[in-house]
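> from the sequence below, what's the structure:
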Amino acid sequence: MSTGTGADSAPAPTAHDSQPTTRPAGTAGTGRNSSMFSSLKIRNYRLFFMGQVVSNIGTWMQRIAQDWLVLSLTGSSTAVGVTTALQFLPMLLFGLYGGVLVDRLRKRPVLLVTQAAMALTALALAVLTLSGSVQIWHVYVAALAVGLATVVDNPARQTFVSELVGPGQLQNAVSLNSANFQSARLVGPAVAGLMITGVGTGWAFLFNGLSFVAPIAGLLLMRARDLHVVERAPRGKGQLREGLHYVAGRPELLWTVVLVGFIGTFGFNFPVYLSAFADDVFHAGAGSYSLFNTLMAIGSLAGALLAARRGTSRMRVLIGAAVAFGTMELVAATAPSLWLFALIMVPIGMFGMTVNVTANTGIQMTTDPAMRGRVMALYMMVFLGGAPVGAPIAGWITDAYGVRAGLAAGGAIAAAAAVTIGLILARAGGLQLSVRWNRGHPRVRFVRREREELAPAA
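Here you go, the predicted structure:
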């Protein structure tokens, strides 16, 4: 069992659940009054964060430029879908094996290799595009190469954060990483649009390739003595199966992964929903589609910053945010006007990001360090792999019954899954639902079941 500060974040049927939780010394920033940017005081994390600022902008620029290049070369939306699928396919097929490697190896050298590989891929695509010799199969190969690097890079980056900041600042650091990514989501596509229009897609690829200089330099400048020592798994047989058994034997991990799987598969199909609402429902064109995505990104950024301010990861926050996320999708499905629908994108983004950050942090803090790579690889595989499965289902419901029905179905499934899993975990942790009135308002919470006392013998 993990002894990290988040070990009590979920109800689990363990013998020590009823014992008071103590926090290790030196874990400042874990309480409610922690600073929103407290983990940036740590030099190694500050170098990591600044490198990611530049790299994430480049990543978003390449995403836009890559889709535009494929569409320009082929005129086919199907080809754009194939490119996206090739980038996510390696994670679906090999994600768990990437986690096994990450648990065995030191994270910083692994990240130096994966970041360099993605930089070279972007630079190669830039040279081909700027020279006018790029073909569609070049883009397919580049997308697949990035996907293969991501198999190891994703769990390595996720788990390396704990080595940078330690358990006391993990929630804050993960939240700031999410805020970093969402900020780049606001800046990157806008810069990519200007660059593609002004000088061409090749320059966007070049910027992305060069942007990897920042995270690589940050990794090289880190002080090894300041890293938190994390146990590495020894090489051995059956480590993949061992990781799956570990998750299966921990209800708080298993059901968190299941919940994220439901939400990622059925609730996060926004490319399908938002484009259909913009075009078919409100007849407003591409400008409204961009507005919806921008407002959702603003909400996501707010959710990430609020999570950084909160400083703790609790299962009740995860369940509550998931229920609110699904409920807001149901509300958005019935929105009568474009502006009301657009405004609802802000809380949807906020609650969706709260689910992501809370689940990510809770899993990392309740997982033994030697298992963390495999568990996070499973988490990322389920979260990222849900879209290829859920998107066709969402598309079919939208085509058959309309986009309002599609969005409502996704929201209902997400909310129902959250309520069901919350009740399962509460029962496993010996809790029961309590509804009481406090000053005229209902107060709903989980409390410990009262144990029946045996009557004394006559």
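
> could you use CA atoms for every contact and neighbour count after this?
OK.

> tell me what the helix or strand G193 falls within is packed against?
For G193, the host element (DSSP states H and E) is helix 170-198. On a contact count with 3 or more CA pairs under 8 Å, 6 or more residues apart in numbering; DSSP states H and E, helix 170-198 meets helix 43-74, helix 136-165, helix 201-211, helix 286-310, helix 338-366.

> hey, least reliable of those helices by pLDDT?
With a mean of 81, helix 286-310 has the lowest mean pLDDT of the helices and strands packed on helix 170-198.

> now the most centrally placed residue in the chain, nearest residue through space, not along the chain?
By CA atoms, centre = their mean, the chain has its centre lying nearest to N356, at 4.8 Å. Spatially, and ignoring its direct neighbours in sequence, N356 is nearest to V260 (7.7 Å; CA to CA, 6 or more residues apart in numbering).

> pLDDT score assigned to the one you found?
Looking at V260, its pLDDT is 91.

> sorry, back to before: out of the helices and strands packed on helix 170-198, which is closest to G410?
Across the helices and strands packed on helix 170-198, G410 has its closest neighbour in helix 338-366 (12.6 Å, CA to CA).

> thinking again about what came up before, got the helices and strands packed on helix 170-198 as TSV, with distance to A400 columns?
As requested, the helices and strands packed on helix 170-198 are exported to TSV (distance: least, CA to CA, whole Å):
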stretch	distance to A400
helix 43-74	27
helix 136-165	32
helix 201-211	36
helix 286-310	22
helix 338-366	22
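
> out of those helices, which gets nearest to A184?
Once the helices and strands packed on helix 170-198 are compared by CA to CA, helix 43-74 is nearest, at 4.7 Å.

> any idea how far that closest one is from the chain center?
In terms of CA atoms, centre = their mean, to the nearest Å, the gap separating the centre of helix 43-74 from the centre of its chain is 16 Å.

> give me the angle between the helix or strand following that helix and helix 43-74.
For helix 43-74, the succeeding helix or strand toward the C-terminus, using DSSP H and E, is helix 77-104. Using axes from the mean of the first three to the mean of the last three CA atoms, to 10 degrees, the direction of helix 77-104 lies 150 degrees away from that of helix 43-74.

> what's helix 77-104 packed up against?
helix 43-74, helix 136-165, helix 239-248, helix 372-401.

> which one of those lies nearest to L295?
Closest of the helices and strands packed on helix 77-104 to L295 is helix 43-74, at 16.6 Å (criterion: CA to CA).

> what comes up buried for the closest one?
Residues of helix 43-74 classed as buried by neighbour count (16 or more other CA atoms under 10 Å): 43-49, 51-71.

> packing partners of it?
Helix 43-74 packs on helix 77-104, helix 136-165, helix 170-198, helix 201-211, helix 213-221, going by 3+ CA pairs under 8 Å, 6+ apart.

> output the below-cut-off pLDDT ranges for the stretch 101-250 of the chain.
Under the criterion pLDDT under 70, the flagged ranges of the stretch 101-250 of the chain are 231-238.

> among the helices and strands packed on helix 43-74, which is the most enclosed?
Of all the helices and strands packed on helix 43-74, helix 201-211 carries the top mean neighbour count, a mean of 25, counting by mean count of other CA atoms under 10 Å.

> between it and helix 170-198, how big is the angle?
Using the same axes, to 10 degrees: helix 201-211 against helix 170-198 is 150 degrees.

> can you list contacts of helix 201-211?
For helix 201-211, contacts defined as CA atoms under 8 Å, 6 or more residues apart in numbering pick out 54-55, 57-59, 61-62, 65-66, 68-69, 118-123, 125-130, 192, 195-196.

> show me how far that helix is from its chain's centre.
25 Å.

> just the C-alphas of it, formatted as PDB.
Extracted in PDB, the C-alpha atoms of helix 201-211 (Å, rounded to 0.1, in the frame of the first residue of the first chain):
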ATOM      1  CA  THR A 201       2.200  24.500 -42.900                       C
ATOM      2  CA  GLY A 202       5.900  23.600 -43.100                       C
ATOM      3  CA  TRP A 203       6.800  26.500 -40.800                       C
ATOM      4  CA  ALA A 204       4.400  25.300 -38.200                       C
ATOM      5  CA  PHE A 205       6.100  21.900 -38.200                       C
ATOM      6  CA  LEU A 206       9.500  23.600 -38.000                       C
ATOM      7  CA  PHE A 207       8.400  25.600 -35.000                       C
ATOM      8  CA  ASN A 208       7.200  22.400 -33.300                       C
ATOM      9  CA  GLY A 209      10.500  20.600 -34.000                       C
ATOM     10  CA  LEU A 210      12.500  23.500 -32.600                       C
ATOM     11  CA  SER A 211      10.200  23.900 -29.600                       C
END
